[in-house]
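> Just need the structure, nothing else, for what follows:
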Amino acid sequence: MKGKTYLEVGADGVAIITINNPPHNLLSVDVLLSLKDNTEQALLRDDVNAVVITGSKGKFSGGFDVTAFGKKGLSYFPLNLYDEARTTQLELIIGKHGKLGFWSIEFVTDILEAARKPFVAAIDGPALGGGLEIALACHARISTSSAVLDLPELRYGILPGLGGTQRLPRLVGLRKALEMILMSKLVYGDNARGMGLVDGISSADLLTTTAYWLEPLPKAKMMLEHARVKSKKQAPNLKHPLVCIDVIEEGLVHGPRAALWKESKALHELRQSDTCRSLVYFFFARKRTSRVPGITDMRLIPRKVDTFAVVGGGILGSSIATALILSNYSVILKELDEKALLTGIERVKVNLQDHVKQGKLAQVKLDKILSLCKGVLHYEGFREVDMVIEAVMEIFLYSRGSLLSLKFIDHHTAYLLASSSSRAGPGDNSNRKNIPSTMMLVEHGVDLYQIDQAVAAFGMTMGPFRMMDFVGFDVASAMKVQFSKNFGERFNELSKLIFVMQEDIQADETTRKGFYIYDGESKFTPNPDIKMYVNKARSISGLSIDYELMQLSDEEIVEMILFRVVNEACCVLEDKIVVKASDLDVASVTGMGFPEYRGGIIFWADTLGPKYICSKLEKWSKTYGPFKPCAYLAERAFKSVSGELLTCVNA
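Have a look, this model is predicted:
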């Protein structure tokens, strides 16, 4: 049955319009048309004095159907997974018969918000995206304490398109509105009342009016400019957060109606952007990782996990322990000696304090959360835990996988523990793809700090040399030896830079010295001794300065590094280590810091084309060695003229 709304009028003159489009009451075209019709009917009926809009079965509305966004991105999935007709919904929503502003202005603003009868939104469960925007246009909002309110549109590369950019700042103030919109921050019912987003926590006490207020314009402009600077710093490659800020400012300067037109046009343009396409693709790619052949299709249910043991209290182990206790799990953290254990517990405490500073954790809850983590020097209590996670280089039950081959773990158990679709193979997917060395560029004369800056500017979490400082030289060296042993010439490069530096320093962020020098607040500056180490390594390796490589642009540097990652990802596909190509996209984002807004390593590669990537790798392999494209990539490059892409295979 198509989604719709129902209109019921009580003897007290209160009409109730119920959104009904199970399971999440999404705002399809049918629902919006029905909502518009019932709103107009309620306004015309003499027996209606007030109107309540709510959702069926305890769910107000989950917003627009995400499949309506980034339509092109859906072409990367088998067509039988999604109802193709649903992908045209947003086109109809944002402009009936091509007319922009039909819904946001002609319906939501001129009919719903301008109604002479009071409209109240009764919110239970989720009120997300367009669902919340409908509620914002009502004259008051009443919610349950468990209601969840959110404007998540920026996650998909667009902006709120039913007036949310204008109504939210007027309701809760500019500062809180910017936080909710730009960070897609969830707000629960109790907190929503405190910030003025809802007028009461009740199922009966319906209010008919609500206060609208704004920051003084000069102060507001300062806040908007601060938001722009922060957005450019945190996500310099993203356009849609800045467009959203511009739309909000338009309302402050020229009024909400002018801004609503700007909002509609911006939504139409952003919806067609590569960023929207990539983010929507990644949204579905992440959801599909939970489908594991031989597991989920057999309806096997993972055992409930409540308690953990983490072996190793270093940067990785302490971060894992922090994440677990923040999720209210009990954790045993094991180290080799008292000093290492105290350091590990201190790292967990610092991580929690960072959450307090960022407003993610209340100070009063810090000690209670920390008490969930118990430090031990032996294996007492390990028998009672549900899962053991290894965060050192020894082989253990469930490994971070930098060196471990999952063949040592039972096939189906490995699936369940890894929560991914990877089969047995040396190293985890993210590290195996990320291992191709950047040392060759440095020893041929390319500035390593330029490499890190170029990779970070592309959108990676950090550059390769910062990453090596983070994991430590011992791990990087061991990984190189292990991968060279397993994969031969693909990882058998001559670079000696890590080994030269390892003779002098044991680098990681805790020693405060590596490719960078670190201070007590994790700020870092270039190591002044790097030139000496590079010259020594170049002498040992017998390599010479390549002046052509030294002239590489940032874009070319990124290609030389990441095209090898693409090639290795294709080797993983060729070896059938993963079930779906989209799983590698998820692994690249969650495991190696690849920018989500580029869709993942394989999706990004497809935007450039396998033919282009293959030709570059073939060119470099003639001069620099281990760049030869694998057979899988070469075959796709050959077939690319007919449209065969990397992601299409078992996508």
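
> quick one: low-confidence ranges for this protein?
Within the chain, the segments meeting pLDDT under 70 span 1-2, 67-99, 203-218, 359, 393-437, 475-495, 506-511, 520-522, 641-645, 647-651.

> Show me the domain layout of it.
4-272, 307-416, 428-551, 553-650 (the TED database).

> mind checking which of these is nearest Ala285?
For the domains of the chain, the distance to Ala285 is smallest for domain 553-650, at 3.9 Å, taking CB to CB. C-beta coordinates here come from the backbone N, C-alpha and C atoms, glycine included.

> Now do that closest one: distance to the chain's middle.
21 Å (CA atoms, centre = their mean, to the nearest Å).

> ok, now stretch 381-391?
With CA atoms, centre = their mean, you get 29 Å for stretch 381-391.

> before we move on, back to that, same list (the domains of the chain) but as JSON lines, adding distance to Ile301 and mean neighbour count.
Shown next, in JSON lines, are these (distance: least, CB to CB, whole Å; neighbours: other CB atoms under 10 Å):
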{"stretch": "domain 4-272", "distance to Ile301": "20", "mean neighbour count": "19"}
{"stretch": "domain 307-416", "distance to Ile301": "10", "mean neighbour count": "17"}
{"stretch": "domain 428-551", "distance to Ile301": "25", "mean neighbour count": "18"}
{"stretch": "domain 553-650", "distance to Ile301": "20", "mean neighbour count": "20"}
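
> Reformat those domains into CSV and put distance to Pro293 next to each item.
As requested, these are exported to CSV (distance: least, CB to CB, whole Å):
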stretch, distance to Pro293
domain 4-272, 14
domain 307-416, 9
domain 428-551, 16
domain 553-650, 6
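
> among those domains, which is nearest Thr289?
domain 553-650 (5.2 Å).

> Distance of Lys59 relative to Ile505?
Here the criterion is CB to CB, to the nearest Å. By it, Lys59 lies 56 Å from Ile505.

> What distance do you get for Leu238 to Ala122?
35 Å.

> now do Leu267
Leu267 is 27 Å from Ala122, by CB to CB.

> Next: Val376.
For Val376, the distance to Ala122 - CB to CB - is 51 Å.

> Kindly report the same for Val172.
Taking CB to CB, one finds Val172 at 19 Å from Ala122.

> before we move on, what about Ile540?
73 Å.

> got it, and Gly164?
For Gly164 relative to Ala122 (CB to CB), the value is 19 Å.

> ok, which stretches of the stretch 501-650 of the chain are helices?
For the stretch 501-650 of the chain, the helices defined by DSSP state H, counting those that start in this stretch occupy 530-541, 547-550, 554-574, 581-592, 601-608, 610-624, 631-639.

> Show me where the stretch 351-500 of the chain has its helices.
366-370, 411-418, 429-434, 439-443, 448-458, 464-471, 473-487, 497-504.

> Ok, the stretch 51-200 of the chain next?
89-94, 130-137, 164-172, 174-182, 189-194.

> How far away from the center of its chain is the fourth one?
Averaging C-alpha coordinates over helix 174-182 and over its chain gives two centres that are 19 Å apart (CA atoms, centre = their mean).

> for it, packing partners?
helix 164-172, helix 217-234, helix 240-254 (3 or more CB pairs under 8 Å, 6 or more residues apart in numbering; DSSP states H and E).

> and if you look at the third one?
With contacts defined as 3+ CB pairs under 8 Å, 6+ apart, helix 164-172 has these neighbours: helix 130-137, helix 174-182, helix 240-254, helix 256-270.

> JSON lines please, covering the helices and strands packed on helix 174-182 and showing distance to Thr438.
Below are the helices and strands packed on helix 174-182 laid out as JSON lines (distance: least, CB to CB, whole Å):
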{"stretch": "helix 164-172", "distance to Thr438": "42"}
{"stretch": "helix 217-234", "distance to Thr438": "25"}
{"stretch": "helix 240-254", "distance to Thr438": "30"}
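
> Quick one: closest of these to Gly472.
helix 217-234 (27.0 Å).

> coming back round to it: minimum distance to Val579: which of the helices of the stretch 51-200 of the chain has it?
helix 89-94 (30.2 Å).

> right, so of the helices of the stretch 51-200 of the chain, which gets closest to Leu633?
Using CB to CB, the helices of the stretch 51-200 of the chain put helix 89-94 closest to Leu633, at 34.5 Å.

> could you check the distance from Gly130 over to Pro241?
19 Å.

> no, scratch that, I was asking about Val29
For Val29, the distance to Pro241 - CB to CB - is 28 Å.

> what do you get for Thr438?
The value you get for Thr438 to Pro241, if CB to CB is used, is 30 Å.

> Got the phi and psi for the residue nearest to Leu324 when sequence neighbours are not counted?
Among residues not flanking Leu324 along the chain, Val331 sits closest, at 4.9 Å (CB to CB, 6 or more residues apart in numbering). For Val331, the backbone dihedrals (degrees, to the nearest 10) come out as phi -130, psi 130.

> Quick one: residues contacting Val331.
Val331 makes contacts with Thr307, Phe308, Ala309, Val310, Ala321, Leu324, Ile325, Leu372, Cys373, Lys374, as judged by CB atoms under 8 Å, 6 or more residues apart in numbering.

> beta partners for the fourth one?
Residues found in beta-bridge contact with Val310 (criterion: DSSP bridges) are Leu333, Ile389.

> Hmm, it is touching Gly317, no?
Yes. Counting by CB atoms under 8 Å, Val310 touches Gly317, with 5.1 Å between them.

> can you list residues touching both of those two?
Overlap of the contact sets of Val310 and Gly317 (by CB under 8 Å, 6+ apart) consists of Leu333, Ile389, Ala391.

> pretty sure the last one is touching Thr322, no?
No. Checked against CB under 8 Å, the pair Ala391 and Thr322 is beyond contact range at 11.8 Å.

> Skip the chain neighbours and tell me the closest residue to Phe524.
Tyr516 (3.9 Å).

> who touches the one you found in this structure?
Here Tyr516 is in contact with Phe465, Arg466, Asp469, Phe524, Thr525, Pro526, Asn527 (CB under 8 Å, 6+ apart).

> contacting residues for Asp546?
His444, Gly445.

> how close does it sit to Gly445?
6 Å.

> Ok, Met560 next?
Taking CB to CB, one finds Met560 at 13 Å from Gly445.

> do the same with Thr461
Distance from Thr461 to Gly445, by CB to CB: 26 Å.

> Ok, Cys571 next?
From Cys571 to Gly445 the distance is 29 Å (CB to CB).

> With Gln551 instead?
Applying CB to CB to Gln551 and Gly445 gives a distance of 10 Å.

> cool, and Lys230?
Taking CB to CB, one finds Lys230 at 36 Å from Gly445.

> Name the nearest residue to Ser582, ignoring sequence neighbours.
Nearest to Ser582 is Ala285, by CB to CB, 6+ apart, at 3.9 Å.

> Would you mind confirming that that neighbour is in contact with Gly600?
Yes. Counting by CB under 8 Å, Ala285 touches Gly600, with 6.5 Å between them.

> what touches both of the two?
Counting by CB under 8 Å, 6+ apart, the contacts common to Ala285 and Gly600 are Ser582, Asp585, Val586.
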